[in-house]
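S.K.: kindly generate the corresponding structure for this input.
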Amino acid sequence: MNFDQTDDRRMLSDSLSRLLTDTCDPRTRNAAAYTAPFHSPDLWTKLVDLGTLYALADPAQGGFGGAGFDIATVFEALGSALCPEPVLPALMAARLLTPAGADLEPLLSGAVTYAMAVGERDGWDLAEIETTARNGTLTGRKSVVYGGHVAETILVVARNGEALSLYEVAAADAHIMPYAMIDGGGAAEVILDAAPARLLIADAAEAVQDALDAGALALSAEALGAMDATLAMLLDYLKQRHQFGRPIGSNQALQHRAVELVTEIAQARSIVILAASRMGTELQSRTVSMCKHLCGRVAQRVAEEAIQMHGGIAMTWEAPVSHYAKRLVMIDAQLGDTDHHIKRVMAALQAV
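M.R.: Numbers count the residues shown, from 1 in each chain. The predicted structure is shown next:
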């Protein structure tokens, strides 16, 4: 198998990385990520102008990508820079609007911002959704809606009788409670009290799962980019930090721990490649859950080891590694943690 990127994806990765290097340095990123609106509108505009969102949609829908490897390319670059922009909700909205037969141009051009409201108080299990539809209105509460703090339109998954359906709700018709996440970036609680809604897909379970799969792959690729950046900072620190007249990286125990991280990150990269290659196949959901589970475990290991080997400085706000560690730990909790996804893998294997 050829693991090299195509020329188009390489150019996209290079362009995106250059933009983020110039505009999303750690100090600028932190100032934007933890202060309302919890992202940088200027950087968002530059990402849109670069065509980042078009890379997340199929050419048939007006994009120039949309495959698993396109998603991985974009989000690995975002993870390397800890970019807090709401690209994840845009990706998941695109995956939902496509089967709904909607025009993606307003989303891809940045003219309209979307969020996908799925999770509720019991997490991301579709069987536990309690938000209900009645007479063209929705009632319920959606928790941790990524991008909900800036969205103009919210795509809501609700129970319509026995079916899970997808509805479109104007943010102005819902009660939005925005907040910053602990690792930066924003989300919102969305309260629907007989909110007017437009039905997009009557039986949306398959489309919703596809959007969640794409989101989980994106988060895994983001973790991969953040892990590579964290490892690079750690290796540089081990070379630069001196103790007893020599670099601490000359300590064999620390060398072995660093090598173990290199090995585990390589495993994570392999599963991301596998998951990206299986998007659009019958093995998509199972492989993506395997990927999210493994990347979640490795990300936590990298975060913990980086903090321990950096020492006390890694606990300070000023040290970039502290923010990377927070993001790596929190990625595991998004769209289902390691426990959630290993249960999905086990259920899929039992069904074979």
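
S.K.: can you pull up the bridge partners for residue 179?
M.R.: Judged by DSSP bridges, the bridge partners of residue 179 are residue 187.

S.K.: how many residues are close by it?
M.R.: 14 (other CB atoms under 10 Å). Glycine gets a C-beta too; all of them are placed from N, C-alpha and C.

S.K.: hey, where'd the strands end up in the stretch 201-350 of the chain?
M.R.: 242-243, 246-247 (DSSP state E, counting those that start in this stretch).

S.K.: the first one pairs with which strands, parallel or anti?
M.R.: Pointing back at strand 242-243 there. Here, using DSSP bridges, strand 242-243 pairs with strand 246-247 (antiparallel).

S.K.: check the strands of the stretch 201-350 of the chain for me: which has the lowest mean pLDDT.
M.R.: Across the strands of the stretch 201-350 of the chain, strand 242-243 has the smallest mean pLDDT, namely a mean of 84.

S.K.: list the buried residues for stretch 244-262?
M.R.: Residues 248, 249, 254, 258, 261 are the ones in stretch 244-262 that count as buried (16 or more other CB atoms under 10 Å).

S.K.: swap that for stretch 142-157, please
M.R.: 142-151, 153-157.

S.K.: for it, the distance to its chain's centre please.
M.R.: 14 Å (CA atoms, centre = their mean, to the nearest Å).

S.K.: what does stretch 297-314 give?
M.R.: For stretch 297-314, the distance to the chain centre is 21 Å (CA atoms, centre = their mean).

S.K.: what do you get for stretch 343-352?
M.R.: 24 Å.

S.K.: need the CA coordinates for it. CSV is fine.
M.R.: Extracted in CSV, the C-alpha atoms of stretch 343-352 (Å, rounded to 0.1, in the frame of the first residue of the first chain):
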residue,chain,number,x,y,z
LYS,A,343,-18.2,-1.2,23.6
ARG,A,344,-19.2,-0.3,20.1
VAL,A,345,-16.4,-2.5,18.7
MET,A,346,-17.4,-5.4,20.9
ALA,A,347,-21.0,-5.1,19.9
ALA,A,348,-20.0,-5.0,16.2
LEU,A,349,-17.8,-8.1,16.6
GLN,A,350,-20.6,-10.0,18.4
ALA,A,351,-23.0,-9.2,15.5
VAL,A,352,-20.7,-10.8,12.9
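
S.K.: if we can go back for a sec, out of the buried residues of stretch 142-157, which is nearest to residue 232?
M.R.: residue 146 (27.0 Å; CB to CB).

S.K.: is that closest one in contact with residue 187, as I believe?
M.R.: Yes. With contact defined as CB atoms under 8 Å, residue 146 reaches residue 187; the gap is 5.3 Å.

S.K.: of the buried residues of stretch 142-157, which belong to strands?
M.R.: Among the buried residues of stretch 142-157, the members falling in strands (DSSP state E) are 142, 143, 144, 145, 146, 153, 154, 155, 156, 157.

S.K.: please tell me how far the nearest residue to the last one once chain neighbours are set aside sits from residue 335.
M.R.: If you skip the residues right next to it in sequence, residue 157 has residue 118 as its closest partner in space, 4.9 Å away by CB to CB, 6 or more residues apart in numbering. Residue 118 sits 9 Å away from residue 335, taking CB to CB, to the nearest Å as the criterion.

S.K.: over to residue 262?
M.R.: Using CB to CB, residue 262 is found at 27 Å from residue 335.

S.K.: hang on, residue 116 in a helix?
M.R.: No. Read with DSSP: H, G, I helix; E, B strand; the rest coil, residue 116 is strand and lies in no helix.

S.K.: tell me the bridge partners for it.
M.R.: Assigned bridge partners for residue 116, using DSSP bridges, are residue 155.

S.K.: how many residues are close by it?
M.R.: The tally of other residues near residue 116 (other CB under 10 Å) stands at 29.

S.K.: and what of residue 279?
M.R.: 21.

S.K.: do residue 108 as well
M.R.: 24.

S.K.: now do the one 3 residues further on
M.R.: Other residues lying near residue 111 total 10 when counted by other CB under 10 Å.

S.K.: tell me the confidence at the residue nearest to it when sequence neighbours are not counted?
M.R.: Residue nearest to residue 111 in three dimensions, not counting chain neighbours: residue 105, with 7.6 Å by CB to CB, 6+ apart. Confidence at residue 105, expressed as pLDDT, is 96.

S.K.: quick one: low-confidence parts of this protein?
M.R.: 1-3 (pLDDT under 70).

S.K.: longest helix in it, please.
M.R.: In the chain, with assignment by DSSP state H, the single longest helix is helix 205-240.

S.K.: show me what it is packed up against.
M.R.: Packing partners of helix 205-240 (3 or more CB pairs under 8 Å, 6 or more residues apart in numbering; DSSP states H and E): helix 68-80, helix 87-97, strand 163-170, strand 246-247, helix 252-277, helix 284-310, helix 320-331.
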